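[1] Sequence plus predicted model, see below.
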Amino acid sequence: MSIQIHQKFTDLLVKESKKLANKWHLVQEILFQPVEGRNLSGVDLSNTELRGANLIGANLSGANLSGANLSGANLSDANLSSADLNNADLINANLSNADLIRTNLRTTNLKDTKIDSGTKIDGKWYLVWEIVNQRVFGRDLICADLTGANLNGVDLIGANLRHANLNGADLTSANLIKANLRGVNLRDAKLNNANLRDVDLTNANLSRADFRSANLRGVDFTGANLMEAKLKNIFPQKTQVVDASLPIYC
């Protein structure tokens, strides 16, 4: 029995090694033998280094690009529908006329990503792209769905985020001075080093949110759910820790 188990384990290792070798061989082909319109539908390119890659017109529908570095890549006219770009880096990538319908862009970095009138993208992720790349003081984001959005370093001074859903969003180093976050859902959100001075977090869901090194001066936590939240050791005045789920108003 032990010999059979060992053989199965060995076979599995060989199979996985072949898959990995094929994956990295494909990466080398994409980078050094660029072909426009390449068919990469459904392929696994997760956690790969594709910086500056020429993927013009590529068919990447259903592909796994989670964690991939696509910064500076040319994805114009590419089909990325239903692809997984979770936690991918698209800084300075060209998405002109690309199809991103039903694409998973959770925690994807969209800073300086080029999108034009021909780009097809779900409304939620277009809004995230706007927030990241277009500075607007006092932006109206009431009830906005920003779950899982990468909003690292964004400027949301005076924004109205009342009852917005930011579950799992990354707001590291974001500027939220005097923002209205009443009833907001920030469960599992990252707010490390964020500036929340004079922010209204009344009745907000902050369970498991990470506020370490954030500026919390003047924050109103009245009625907020702070269960398992990571905060500085001293709670600001007006803070109330409650163990309750918040109602949905949107």
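    Yes, it's here.

[2] Poorly predicted segments of this structure, please.
    Applying pLDDT under 70 to the chain flags the ranges 1-20, 232-250.

[3] domain assignment for it?
    1-134, 135-250 (automatic domain parsing).

[4] got those as TSV, with mean neighbour count columns?
    All C-beta atoms are positioned from the backbone trio N, CA, C, and that covers glycine. Shown next, in TSV, are the domains of the chain (neighbours: other Cβ atoms under 10 Å):
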stretch	mean neighbour count
domain 1-134	17
domain 135-250	20
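
[5] how near is the residue nearest the centre of the chain to residue 125?
    Central residue of the chain (Cα atoms, centre = their mean): residue 107, 1.2 Å from the mean position. Distance from residue 107 to residue 125, counting by Cβ to Cβ, to the nearest Å: 12 Å.

[6] which residue ranges form the helices in this structure?
    Secondary structure of the chain (DSSP state H): helices located at 2-32, 123-133.

[7] correct me, but residue 152 touches residue 171?
    Yes: applying Cβ atoms under 8 Å, one finds residue 152 in contact with residue 171, separated by 7.3 Å.

[8] Give me the common contacts of those two.
    Contact criterion Cβ atoms under 8 Å, 6 or more residues apart in numbering; residues shared by residue 152 and residue 171: none found.

[9] roughly how far is stretch 65-85 from the heart of the chain?
    When distances are taken as Cα atoms, centre = their mean, to the nearest Å, stretch 65-85 is centred 14 Å away from the chain's centroid.

[10] swap in stretch 102-122?
    That offset, for stretch 102-122, works out to 11 Å (Cα atoms, centre = their mean).
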